[in-house]
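**Q** got a structure for you, letters missing:
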């Protein structure tokens, strides 16, 4: 789309959006384009400053897009963590023991959450027991 600054024979200023330069020319030639103030069909383009995209503007736009994406991602992760917590049993420090019982069929399969040290997690993984930490989100530590 092309934006033109326009003026009528009575010096009324307004803007118009056109798909191409030829589209503007065709609308003027057919009398379809008229001044919104006085309805004059004698319309011409006026001088207008170009829309210059600077590196700073591009960087500000990129940062705004990244911030929105970051906020959406944090919201999705927060939603997922809430769903996991709502559908899991918190077994606290008994997590490694309960995970093993479930894995080896000594306890009913169910979702569990709890605490485990680095070494306990390593041992569980070495035994083929899949575990994963729940993420700590920025607002959760304040």
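**A** Happy to help now that I have it. The structure presented is a predicted model; accordingly, all values stated were derived computationally and were not measured.
**Q** spatially central residue in this protein, please.
**A** residue 69 (3.4 Å; CA atoms, centre = their mean).
**Q** what residues sit buried inside the stretch of helix or strand that residue belongs to?
**A** Using DSSP states H and E, residue 69 sits in helix 55-86. For helix 55-86, a neighbour-count test (16 or more other CB atoms under 10 Å) marks residue 81 as buried. (Glycine included, C-beta is placed from N, CA and C.)
**Q** and stretch 133-142, by the same measure?
**A** Across stretch 133-142, burial judged by 16+ other CB under 10 Å covers no residue at all.
**Q** just to revisit the earlier point, from residue 63, how far out is the residue nearest to the centre of the chain?
**A** Per CB to CB, to the nearest Å, residue 69 is found 11 Å from residue 63.
**Q** domains of this structure?
**A** 2-45, 76-133 (automatic domain parsing).
**Q** residue 56: which of those is closest?
**A** With CB to CB as the measure, domain 2-45 is the member of the domains of the chain nearest residue 56 (22.0 Å).
**Q** got the end-to-end distance for stretch 87-95?
**A** 16 Å (CA to CA, to the nearest Å).
**Q** just the strands in this protein please.
**A** Applying DSSP state E to the chain gives strands spanning 2-8, 13-18, 43-45, 89-92, 112-114.
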